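**Q** Here is my input, please return the structure:
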Amino acid sequence: MTRILLVEDDGAIVRMLSEYLNGEGFLTATAATEAAAKAALADAPFDLVLLDVSLARGSGFAVCAAAKERGIPVIFLTASGDENSVVKGLDMGADDYITKPFRPRELVSRIKSVLRRTGAEPVISIGNGITVDPDRGIVQRDGEPIKLSALEFRLLTVFLNHRGKLLTRAKLLEDIWDIAGDFVNDNTLTVYIKRLREKLGDDGSEPQIIKTVRGLGYRMD
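**A** This next block holds a predicted model:
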């Protein structure tokens, strides 16, 4: 699971972003000061740092330097029109920046783009000898490729991004609708889940990868 350190001293933003990022399948830790951020970087490995430049206690640029020393990608969160901070951050090696206010979905897209670009996005193992490379869109079982349609792969990534969480049929339909240019209804979703299970070798009578939670939806542990 991708581990993100969110360095931000606005409590409302921290709560909103943490909840959203965790819901998207990231593991999010937070720090509100330069000292707390540096301590977190020293104690635990992270795949990416989201960093507010303007910290009330300490310097966001000092946190950026500490992250880059460890080879960790950094995305700056900057106030609108703060061009000097953007330029200084990029000169220090920051990988991207996003201006407040921003839409959470746009931030997630930027995060995934940076992870792909820096090679920090991992190949994911989901059991049964199956691995998923989200960057290259490759799914394999014991090193042999599994051919998935665009919609099947999208469905799989939705489960991967929400591992351990219950996904209702409504949530799944919302996330995969029209990804392949076709309307996806409730009956079609059942067919695609069945096909995906078959291709993953997941026993339909007792699935272990995509589990059915009766009356509620599905879950990938």
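
**Q** Break the protein into its domains for me.
**A** Taking automatic domain parsing as the reference, the chain has its domains at 3-118, 124-219.

**Q** Lowest mean pLDDT across those domains, which one is that?
**A** Among the domains of the chain, domain 124-219 carries the lowest mean pLDDT, a mean of 84.

**Q** Turn the domains of the chain into TSV, including mean neighbour count.
**A** Placement of C-beta: from N, CA and C, glycine included. TSV is the format used below for the domains of the chain (neighbours: other C-beta atoms under 10 Å):
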stretch	mean neighbour count
domain 3-118	17
domain 124-219	15
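
**Q** So which residues of this structure form helices?
**A** 11-23, 34-43, 60-69, 83-91, 104-118, 150-161, 169-176, 186-200 (DSSP state H).

**Q** Quick check: which helices or strands does the shortest one pack against?
**A** I take that to be helix 169-176. Applying 3 or more C-beta pairs under 8 Å, 6 or more residues apart in numbering; DSSP states H and E, one finds that helix 169-176 makes contact with helix 150-161, helix 186-200, strand 217-219.

**Q** is it possible to export these to JSON lines including distance to residue 132?
**A** Shown next, in JSON lines, are these (distance: least, C-beta to C-beta, whole Å):
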{"stretch": "helix 150-161", "distance to residue 132": "6"}
{"stretch": "helix 186-200", "distance to residue 132": "10"}
{"stretch": "strand 217-219", "distance to residue 132": "17"}
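
**Q** For residue 15, which of the ones you listed is the nearest?
**A** helix 150-161 (20.2 Å; C-beta to C-beta).

**Q** Out of the helices of the chain, the one nearest residue 124 is which?
**A** Proximity to residue 124 (C-beta to C-beta) singles out helix 150-161 among these, at 6.0 Å.

**Q** Helix 104-118 and that closest one, what's the angle between them?
**A** Put simply, helix 150-161 runs at 100 degrees to helix 104-118, going by axes from the mean of the first three to the mean of the last three C-alpha atoms, to 10 degrees.

**Q** Tabulate the helices of the chain (a markdown table), appending distance to residue 213.
**A** As requested, those are exported to a markdown table (distance: least, C-beta to C-beta, whole Å):
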| stretch | distance to residue 213 |
| --- | --- |
| helix 11-23 | 17 |
| helix 34-43 | 34 |
| helix 60-69 | 39 |
| helix 83-91 | 44 |
| helix 104-118 | 25 |
| helix 150-161 | 13 |
| helix 169-176 | 11 |
| helix 186-200 | 13 |
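
**Q** Any idea which of those helices gets closest to residue 217?
**A** Going by C-beta to C-beta, the one of those nearest residue 217 is helix 169-176, 5.7 Å.

**Q** what does that closest one rub up against?
**A** Here helix 169-176 makes contact (C-beta atoms under 8 Å, 6 or more residues apart in numbering) with 151, 154-155, 158, 184-186, 189, 192, 217-218.

**Q** just those now: which is nearest residue 58?
**A** Closest to residue 58, out of all of those and judged by C-beta to C-beta, is residue 158, at 37.7 Å.

**Q** Apart from its chain neighbours, what residue comes closest to the closest one?
**A** Nearest non-adjacent residue to residue 158, counting by C-beta to C-beta, 6 or more residues apart in numbering: residue 175, 4.7 Å away.

**Q** From residue 76, how far off is that neighbour?
**A** Shown here: residue 175 relative to residue 76, a distance of 28 Å by C-beta to C-beta, to the nearest Å.

**Q** Now do the same contact list for residue 77.
**A** 8, 50-53, 97-98, 100, 102.
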